[in-house]
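Chemist: okay, here's the prediction I keep looking at, along with the sequence it came from:
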Amino acid sequence: MYTLSIDYKDYKGKVHNGTKVTFNLDAREVFKMLPELKTTFEWLENNKETEPRELAIEEVRDFYTGFEEILLTAWGEMSEDGLHFRKGGKYEFEETALFNACMVKFVYEPNKTGELLQGILPPELFDAVKKADAEQINAVVEARESEKDKEIAELRAKLEGKTDQA
């Protein structure tokens, strides 16, 4: 679990100070997001300098695309009893000035991105994801795509069966 306290301006220009935003991934979400996580770890490795540097457009785009999905998947609100981490409003979150402020912060402050990953990944998976090589990640992506193709084929077959019966 990672909680960020962030100051930002809403779309009317009103300043919001110390807004708390909470992020978490469980193991099944980590498995789904291996390519995005690996890209983020690589970006962090390339940006571990203490001094800010000029970032290439392609570098920011590649990082941003994967990291945006991580942030949206990890965002949520914990229930009062701590039994649930509700993520149902991620699309509403994506449309907020708060989400924009979070993304900008993580792009410009790689150390915060590292803190986020350390906080949202289950401890037993952190090192494994960080050390995973491209072949391992590609195998996961191919398996994920194969499962989707199989599911689509099954749904088409069901639809065709219903159409034939009509």
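Modeler: Now that the structure is in, tell me what you want to look at.
Chemist: now do the helices in this structure.
Modeler: Assigned by DSSP state H, the helices in the chain fall at 27-32, 34-46, 57-74, 90-94, 97-108, 110-120, 123-131, 134-165.
Chemist: want to try a markdown table for those, with mean pLDDT, mean neighbour count and distance to residue 19 as columns?
Modeler: The way it works is simple: take the backbone N, C-alpha and C, and place the C-beta from them, glycine included. Shown next, in a markdown table, are those (pLDDT from 0 to 100; neighbours: other C-beta atoms under 10 Å; distance: least, C-beta to C-beta, whole Å):
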| stretch | mean pLDDT | mean neighbour count | distance to residue 19 |
| --- | --- | --- | --- |
| helix 27-32 | 88 | 14 | 24 |
| helix 34-46 | 85 | 19 | 23 |
| helix 57-74 | 86 | 16 | 15 |
| helix 90-94 | 90 | 13 | 12 |
| helix 97-108 | 92 | 17 | 6 |
| helix 110-120 | 90 | 18 | 15 |
| helix 123-131 | 81 | 13 | 27 |
| helix 134-165 | 73 | 10 | 34 |
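Chemist: nearest to residue 8, out of those?
Modeler: Closest of those to residue 8 is helix 97-108, at 3.4 Å (criterion: C-beta to C-beta).
Chemist: the inter-axis angle of that closest one versus helix 57-74?
Modeler: 130 degrees (axes from the mean of the first three to the mean of the last three C-alpha atoms, to 10 degrees).
Chemist: one step back: using CSV, lay out the helices of the chain together with distance to residue 80.
Modeler: Shown next, in CSV, are the helices of the chain (distance: least, C-beta to C-beta, whole Å):
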stretch, distance to residue 80
helix 27-32, 22
helix 34-46, 30
helix 57-74, 20
helix 90-94, 19
helix 97-108, 21
helix 110-120, 21
helix 123-131, 25
helix 134-165, 35
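Chemist: these: which one's closest to residue 9?
Modeler: helix 97-108 (6.5 Å).
Chemist: which residues does that closest one contact?
Modeler: 4, 6-11, 16, 19, 21, 52, 55, 60, 63-64, 67-68, 71-72, 75, 93, 112-113, 116 (C-beta atoms under 8 Å, 6 or more residues apart in numbering).
Chemist: for that helix, list the C-alpha coordinates in CSV.
Modeler: Provided in CSV are the C-alpha atoms of helix 97-108 (Å, rounded to 0.1, in the frame of the first residue of the first chain):
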residue,chain,number,x,y,z
ALA,A,97,-6.9,17.2,-12.0
LEU,A,98,-5.6,15.0,-9.1
PHE,A,99,-4.7,12.2,-11.4
ASN,A,100,-2.9,14.7,-13.7
ALA,A,101,-0.9,16.0,-10.8
CYS,A,102,0.0,12.5,-9.7
MET,A,103,1.3,11.6,-13.2
VAL,A,104,3.3,14.8,-13.5
LYS,A,105,4.9,14.2,-10.1
PHE,A,106,5.9,10.7,-10.9
VAL,A,107,7.4,11.7,-14.3
TYR,A,108,9.5,14.5,-12.8
